[in-house]
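Q: only geometry, no sequence info:
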């Protein structure tokens, strides 16, 4: 019987994907399973910048970008995560945003005084894309002191037509 876009056969020795780590056969890895899942999971793209970056700029600086080519029009789930750190001090602050096509802020956070310690911030949002090529950027700025990002990641996949 079908479960979403995945076909479940109770007599099979494996399930293509069920979210709990069952063998992914006939797929070689999770990414391959997601890419072949039909509408849900179609158009899967992932990008990351693991290295630490810092800025004292009070205007947004690009941490990294992810270019999405050949996207099918539809609704997508965009998720992001990043490590953040400000200098120690109550007045030390920074900002981070995820931007679509260099024009639309789809996520924006402001961080106040992480006391020089790393913290993780993440989120997700549903976005509607037209067909074609799009660009996602993760940008950051300092409001005072030095702003730091590391382990910065973006992923997007189609959830409906």
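A: Everything's here; your move. From a predicted model like this one, the values you see are computed outputs, not experimental measurements.

Q: contacting residues around residue 66?
A: Counting by CB atoms under 8 Å, 6 or more residues apart in numbering, residue 66 touches 45-47, 135-137, 154, 156. (C-beta placed from N, C-alpha, C; glycine too.)

Q: Let's see that with 6 Å instead.
A: 47, 136, 154 (CB atoms under 6 Å, 6 or more residues apart in numbering).

Q: Mind checking the pLDDT average for the one helix or strand the second one maps to?
A: In the assignment (DSSP states H and E), residue 136 maps to strand 132-144. Across strand 132-144, the average pLDDT comes to 96.

Q: now swap in stretch 77-87 and tell me
A: pLDDT averaged over stretch 77-87 gives 94.

Q: Kindly report the same for stretch 97-105.
A: Stretch 97-105 comes out at a mean pLDDT of 96.

Q: Can you mark which positions in that stretch are buried?
A: 97-100 (16 or more other CB atoms under 10 Å).

Q: Between those residues, which sits nearest residue 109?
A: Minimum distance to residue 109 across the buried residues of stretch 97-105 is 7.6 Å, recorded for residue 97 (CB to CB).

Q: quick one: that closest one from residue 155, how far?
A: Distance of residue 97 to residue 155, given as CB to CB, to the nearest Å: 17 Å.

Q: Could you point out which residue ranges in this protein have low pLDDT?
A: Along the chain, segments meeting pLDDT under 70 span 1-41, 161.
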